[in-house]
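In: A predicted structure for the sequence below; I have some questions about it.
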Amino acid sequence: MAAEYNTAPSSSAVLIFSKVPEVGKVKTRLIPALGAEGATELYSRLLQRQLHWLAKEKEYDIQLWLSSNKAHPLIQALAENYDFNIHYQQGIDLGERMFHAANTALRYYKKVVLIGVDCPAMTVEHIKQTIAWLDTVDAVLGPAQDGGYVLLGVKAAAPQLFRGHNWGAEDVAETTRTALRGLEWRWCELPLLWDLDRPEDLIQLKSLDIGVDGQGLLVD
């Protein structure tokens, strides 16, 4: 694991937007159902699981874009087990942070895929399909059941794609489509997926067959 870029061995990169899993600062809407420590443990396991299945593939590089640069035992442990670069988010709101990450990565890669940690229904096939579609379209959108999106794949970082959204609202996917139309970009959309934000979403989490490997990591 390295914190700095080298010459990119792949033409594509997956950018994971993650918070540092500190108690009381992640999955706050799940705290009433799970408690602060339980919500943090769930977030940590989701991040572990995501890195586990992403790292199995060699078609892309992995970047972890963290909300802060505080040292954390989980991040250090993951860095010892998986091959990814660590970077730090910059910007006032989510849109600015996503634009900065995409713009930075596209200096080294032809395609980037931005995802969060909140969509346990996402699989490597969604990532592969996104990268393949980007050969012929300008963007790929992964809409979420709550009206937001769980994935955005791009070959260029247009600022207007990340501005003017009410992040966390139920119309972010639609306002992103409006921005794509304004750019006159061609795009494809993945099937509707669900993300894990609200206590009622925990019911869907139970439908996934998830186990724990010998290292205590959450894996399929």
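Out: Thanks, I have the structure now. As the structure is a computational prediction, the values presented were derived from the model and not from experiment. Numbers count the residues shown, from 1 in each chain.
In: mind listing what's buried in stretch 64-76?
Out: Neighbour counts over stretch 64-76 (16 or more other CB atoms under 10 Å) mark Leu64, Trp65, Leu66, Ser67, Ile75 as buried. All C-beta atoms are positioned from the backbone trio N, CA, C, and that covers glycine.
In: can you redo the residues you listed as JSON lines with distance to Arg177 and pLDDT?
Out: Listed next are the buried residues of stretch 64-76 as JSON lines, based on distance: CB to CB, whole Å; pLDDT from 0 to 100:
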{"residue": "Leu64", "distance to Arg177": "28", "pLDDT": "97"}
{"residue": "Trp65", "distance to Arg177": "24", "pLDDT": "97"}
{"residue": "Leu66", "distance to Arg177": "29", "pLDDT": "96"}
{"residue": "Ser67", "distance to Arg177": "27", "pLDDT": "92"}
{"residue": "Ile75", "distance to Arg177": "34", "pLDDT": "93"}
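In: From those residues, which land in strands?
Out: Leu64, Trp65, Leu66 (DSSP state E).
In: Looking at these, which one is closest to Leu205?
Out: Leu64 (22.3 Å; CB to CB).
In: That closest one touches Asp83, doesn't it?
Out: No - Leu64 sits out of contact with Asp83 when judged by CB atoms under 8 Å, with a separation of 10.9 Å.
In: Chain neighbours aside, what residue packs nearest to Val140?
Out: Gly153 (3.7 Å; CB to CB, 6 or more residues apart in numbering).
In: Assess the claim that Ala13 and Ala102 are in contact.
Out: No - using CB under 8 Å, Ala13 makes no contact with Ala102, being 9.7 Å away.
In: which residues are in contact with both of those two?
Out: Residues touching both Ala13 and Ala102 (CB atoms under 8 Å, 6 or more residues apart in numbering): Val112.
In: what packs against the lengthiest helix in the chain?
Out: Longest helix of the chain, by residue count under DSSP state H: helix 31-55. Helix 31-55 is packed against strand 12-18, strand 61-66, helix 73-81, helix 124-133, strand 218-219, with contacts defined by 3 or more CB pairs under 8 Å, 6 or more residues apart in numbering; DSSP states H and E.
In: Can you give me the buried ones in it?
Out: Across helix 31-55, burial judged by 16+ other CB under 10 Å covers 31, 34, 36, 39-52, 54.
In: Likewise for stretch 174-193?
Out: In stretch 174-193, counting by 16+ other CB under 10 Å, buried: Thr175, Thr176, Arg177, Ala179, Leu180, Trp185, Trp187, Cys188, Leu190, Leu193.
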